[in-house]
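> Mind folding the following:
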Amino acid sequence: MKVVVFDVWGDLALFRRFDTNTSMLTHSFPPPTAVLGMVGAILGLDRDIYIQQLQGTRIGIELLHPVKKVRMALNYKNTKGRDLTGKKGRTQIPAEFIKDPAYRIYVVNDTVQQDLATMLKEHKSVFTLSLGLSELLANLQYVGTYSCELSSGKQLVSSVVPTSVVESIDFFAQEGKPKRMLKERVPVTMTPDRTVTRYEDVVIEENGEMISGVFSEVYVVGEKAIVFF
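The predicted model follows:
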């Protein structure tokens, strides 16, 4: 199968975790649901139907920069009714951001493959591309379109790894130092009304290094091994 590969990056990112309320905490990378929104924005698909149009899309996500999180307070004001001055009250909400985020995105979808590659080559996006919040603007760059082959067994994987394909993982680097590994639970699929229908646990290496282990399903894309959602 063919996979379209592109990079996205920016100054800050916030991919809000589903298990937070007043404090906004972020995932360490864009979940598949967020990546689907990016693809929809690039192609100019309507926000109410892009989930249906891109149904069945397979997504791989690679960290290009280490995960660095910072916390800041966001200023909000009460704008209910006709008073837009904020005189009714203001409040500060603590929020967690990813600093200097950069990701390589792998997309498999035969229906939109050609249009997506064309838009990326021309450095175009129909709607403004952002990293979680509309204020956090993103840049993009086309990497290429590749054929990928299914593999398994002992691999050095460059992407985040869903635990469903993990048979074993080496938690130590070659020099014997432990890697910065963590597990997160992320939304993978959702309905057009934004109801999440499937979550999945994933393993990531916070420094963006490759993950060594034995996996049941890996795809070789160019010179890299990638696991798709």
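> counting contacts, what elements does the helix ranked longest in the chain pack onto?
Scanning the chain for the longest helix, with DSSP state H as the assignment, gives helix 32-43. Contacts defined by 3 or more C-beta pairs under 8 Å, 6 or more residues apart in numbering; DSSP states H and E place helix 32-43 against helix 50-53, strand 58-63, strand 102-108, helix 113-121, strand 181-190. Quick note: C-beta positions are derived from backbone N, CA and C, even for glycine.
> can you tell me which of those comes nearest to A225?
Among the helices and strands packed on helix 32-43, the nearest to A225 by C-beta to C-beta is strand 58-63 (9.9 Å).
> what's the next secondary structure element after the closest one?
Next helix or strand after strand 58-63 toward the C-terminus (DSSP states H and E): strand 69-77.
> can you give me the angle the helix or strand just after that next one makes with strand 69-77?
Per DSSP H and E, the first helix or strand lying C-terminal to strand 69-77 is strand 90-99. Following axes from the mean of the first three to the mean of the last three C-alpha atoms, to 10 degrees, one obtains 150 degrees for the angle between strand 90-99 and strand 69-77.
> What helices and strands are in contact with strand 90-99?
In terms of contacts (3+ C-beta pairs under 8 Å, 6+ apart), strand 90-99 is packed against strand 12-13, strand 69-77.
> Which of those sits closest to D170?
Comparison of these against D170 by C-beta to C-beta identifies strand 69-77 as nearest, at 25.2 Å.
> so what strands line up beside that closest one?
strand 90-99 (antiparallel) (DSSP bridges).
> Just the buried residues of the partner strand, please?
For strand 90-99, the neighbour count (16 or more other C-beta atoms under 10 Å) marks 95-98 as buried.
> about what we covered before: would you reformat the helices and strands packed on helix 32-43 as a markdown table and include mean neighbour count?
Conversion of these to a markdown table gives the following (neighbours: other C-beta atoms under 10 Å):
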| stretch | mean neighbour count |
| --- | --- |
| helix 50-53 | 16 |
| strand 58-63 | 22 |
| strand 102-108 | 23 |
| helix 113-121 | 16 |
| strand 181-190 | 17 |
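> who wins for proximity to N21 among those?
Taking those one by one with C-beta to C-beta, strand 181-190 is closest: 16.4 Å.
> Measure how that closest one sits relative to strand 58-63, angle-wise.
Going by the same axes, to 10 degrees, strand 181-190 is angled at 150 degrees with respect to strand 58-63.
> what angle do the helix or strand that strand 181-190 is followed by and strand 58-63 make?
Next helix or strand after strand 181-190 toward the C-terminus (DSSP H and E): strand 196-205. Interaxial angle, strand 196-205 versus strand 58-63 (the same axes, to 10 degrees): 40 degrees.
> Right, I'll leave it there.
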